[in-house]
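# need coordinates for the following:
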Amino acid sequence: MKIDLDRGLLLACAAILAVLPFVASGYVLFIVNLLMVYIVLALGLHIVLGETGQFALAHIAFYGIGIYTAGIINNAWHPNFLVSILVSAVVAGALGYVLGALAIRMRDIYLALSTFAFGEAMQWVFLNWVSVTNGSNGYRMSPAQFFGYELVSDIRAYPFVVLAAAAMLWLTVYLSRSQLGSAFRAVRESDVAAQAMGVNVNRVKRIAFMISAAYAGLAGGLFTTFSSFIHPDSLGFQATVLILIMIVVGGIGSVRGAIAGAVIFGLISELLRQVLSFQEIIYGVILIVFMMFLPKGLFSGRDARQPVAAGARRPSGTAPEAKEAGS
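Residues are numbered from 1 along each chain as shown. Below is the predicted model of the structure:
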């Protein structure tokens with residue numbers, strides 16, 4: 001029944017998204033494009049935080065790296081936009097792997113602080129590397145292209161952004177059900193237990209960081225298909241809080257929660273655009289309320305995957321799957 005309901009919701013959403021370009025204004029399509037980018041961002045953070053349990057706060061930094069990488073490529077060579085977003089994902093993923101290698105021995109608040117420091121350092125780079133990013137004046141990007149077809153409007157970019165978000169959703173579900181996903185969750189529940197099961201914990205963490213960063217870089221590349229300008233101020237602490245609250249309120253460890261959080265808070269952030277000075281206060285109040293009254297979020301991703309207690313009988317196949325993925 002649950003699977004049928006999920007399929008029904010997916011079909012309904014697909015039908016709405018298919019009809020939307022014919023009935024909606026350009027502004028509505030811009031919002032939907034932005035929500036698709038938020039969904040990809042949230043899915044990436046879901047992998048490292050929800051699936052692997054690594055409290056990393058550098059996601060927006062990789063998003064910014066993706067935006068600037070794709071923008072620079074578009075301005076310099078005007079290639080097919082698929083090239084620019086794939087390069088953005090590869091560059092961000094490589095840096096994510098390096099960050100993961102440096103941070104694998106840190107946990108909890110220490111990991112959060114170190115990755116947050118990386119994010120702040122990258123915003124400093126965006127602001128001060130004027131010869132590349134144009135600094136505080138913001139960076140203007142040429143329109144993305146698809147075999148000579150310029151994506152100069154929201155409606156032109158819309159089908160590509162929606163299809164890319166759908167592909168990343170499919171990939172996320174596939175990873176979650178794979179042996180690598182089993183290794184992610186084993187590390188999330190207990191490093192020691194995962195190690196005892198034969199999981200290469202450090203390798204799994206590095207892979208999680210890399211995949212999460214690649215998602216963020218790809219989301220940045222997608223952003224350049226419908227937006228021609230980026231300012232470093234939009235890649236700061238407030239954006240980090242926004243993405244984090246999407247995951248926490250939606251439900252840590254839940255793909256559906258990541259999507260719901262991205263859509264809900266993507267819309268809220270747009271509604272609060274006229275009161276920027278109050279956004280962080282409002283987000284903080286929402287987060288406190290959820291922590292008090294709904295700590296597992298709108299969807300709980302861990303109910304169906306309870307950790308195996310020490311000495312309890314393990315479901316058949318769990319240990320070999322995790323071991324093979326992490327070895």
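# helices along the stretch 51-200 of the chain, start to end?
59-77, 81-103, 108-128, 130-133, 154-177, 179-189, 191-196 (DSSP state H, counting those that start in this stretch).
# adding mean pLDDT, write those helices out as JSON lines.
Shown next, in JSON lines, are the helices of the stretch 51-200 of the chain (pLDDT from 0 to 100):
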{"stretch": "helix 59-77", "mean pLDDT": "96"}
{"stretch": "helix 81-103", "mean pLDDT": "95"}
{"stretch": "helix 108-128", "mean pLDDT": "92"}
{"stretch": "helix 130-133", "mean pLDDT": "94"}
{"stretch": "helix 154-177", "mean pLDDT": "95"}
{"stretch": "helix 179-189", "mean pLDDT": "94"}
{"stretch": "helix 191-196", "mean pLDDT": "90"}
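# of the ones you listed, which is nearest Val255?
Counting by Cβ to Cβ, Val255 lies closest to helix 154-177 out of these; the figure is 5.8 Å. Placement of C-beta: from N, CA and C, glycine included.
# quick one: that closest one to helix 179-189, angle?
Put simply, helix 154-177 runs at 70 degrees to helix 179-189, going by axes from the mean of the first three to the mean of the last three Cα atoms, to 10 degrees.
# not counting sequence-adjacent ones, nearest residue to Ile247?
Leu45 (5.3 Å; Cβ to Cβ, 6 or more residues apart in numbering).
# so is Gly221 in a helix, a strand, or just coil?
Applying DSSP: H, G, I helix; E, B strand; the rest coil to Gly221 yields a three-state assignment of helix.
# can you report how many residues neighbour the spatially closest residue to it that is not a sequence neighbour?
Spatial nearest neighbour of Gly221, chain neighbours left out: Ile85 (2.9 Å); criterion: Cβ to Cβ, 6+ apart. Counted with other Cβ atoms under 10 Å, the neighbours of Ile85 add up to 26.
# list the contacts for the spatially most central residue of the chain?
With distances taken as Cα atoms, centre = their mean, Leu41 lies nearest the centre of the chain, 2.3 Å away. Applying Cβ atoms under 8 Å, 6 or more residues apart in numbering to Leu41 gives the contacts 59, 63, 215-216, 219, 243, 246, 262.
# make TSV from those and add neighbour count and distance to Leu171 to it.
Output for the contacts of Leu41, formatted as TSV (neighbours: other Cβ atoms under 10 Å; distance: Cβ to Cβ, whole Å):
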residue	neighbour count	distance to Leu171
His59	28	17
Tyr63	33	17
Tyr215	30	9
Ala216	32	14
Ala219	32	13
Ile243	25	19
Met246	28	19
Ala262	28	16
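# which one of those residues is nearest Ala112?
Nearest to Ala112 among these, with distances taken as Cβ to Cβ, is His59, at 11.8 Å.
# residues touching that closest one, list them.
41, 44-45, 48, 119, 212-213, 216, 240, 243.
# how near is it to Leu49?
As judged by Cβ to Cβ, to the nearest Å, His59 and Leu49 stand 9 Å apart.
# and for Ser277?
Distance of Ser277 to Leu49, computed by Cβ to Cβ: 28 Å.
# higher neighbour count, those two?
Leu49 (25 against 7).
# am I right that the more buried one sits in a helix?
Yes: assessed by three-state DSSP, Leu49 belongs to a helix.
# relative to Ser142, which of the helices of the stretch 51-200 of the chain is closest?
Of the helices of the stretch 51-200 of the chain, the one closest to Ser142 (Cβ to Cβ) turns out to be helix 59-77, at 4.8 Å.
# let me know the angle separating the closest one from helix 81-103.
140 degrees.
# so helix 59-77 versus helix 108-128, what angle?
30 degrees.
# alpha carbons of the host helix or strand of Leu10, as PDB, please.
Assigned by DSSP states H and E, Leu10 belongs to helix 2-23. What follows is helix 2-23 as a C-alpha-only set of coordinates in PDB (Å, rounded to 0.1, in the frame of the first residue of the first chain):
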ATOM      1  CA  LYS A   2       2.800   2.400   0.900                       C
ATOM      2  CA  ILE A   3       4.600   1.700  -2.400                       C
ATOM      3  CA  ASP A   4       1.400   2.200  -4.300                       C
ATOM      4  CA  LEU A   5       0.800   5.500  -2.500                       C
ATOM      5  CA  ASP A   6       4.400   6.600  -3.400                       C
ATOM      6  CA  ARG A   7       3.900   5.700  -7.000                       C
ATOM      7  CA  GLY A   8       0.600   7.500  -7.100                       C
ATOM      8  CA  LEU A   9       2.100  10.700  -5.700                       C
ATOM      9  CA  LEU A  10       5.000  10.500  -8.200                       C
ATOM     10  CA  LEU A  11       2.500  10.100 -11.100                       C
ATOM     11  CA  ALA A  12       0.500  13.000  -9.800                       C
ATOM     12  CA  CYS A  13       3.600  15.200  -9.500                       C
ATOM     13  CA  ALA A  14       4.800  14.200 -12.900                       C
ATOM     14  CA  ALA A  15       1.400  15.100 -14.400                       C
ATOM     15  CA  ILE A  16       1.400  18.500 -12.700                       C
ATOM     16  CA  LEU A  17       4.900  19.200 -13.800                       C
ATOM     17  CA  ALA A  18       4.100  18.200 -17.400                       C
ATOM     18  CA  VAL A  19       1.100  20.500 -17.600                       C
ATOM     19  CA  LEU A  20       2.700  23.400 -15.700                       C
ATOM     20  CA  PRO A  21       4.600  25.100 -18.700                       C
ATOM     21  CA  PHE A  22       1.300  25.500 -20.600                       C
ATOM     22  CA  VAL A  23      -0.600  27.200 -17.800                       C
END
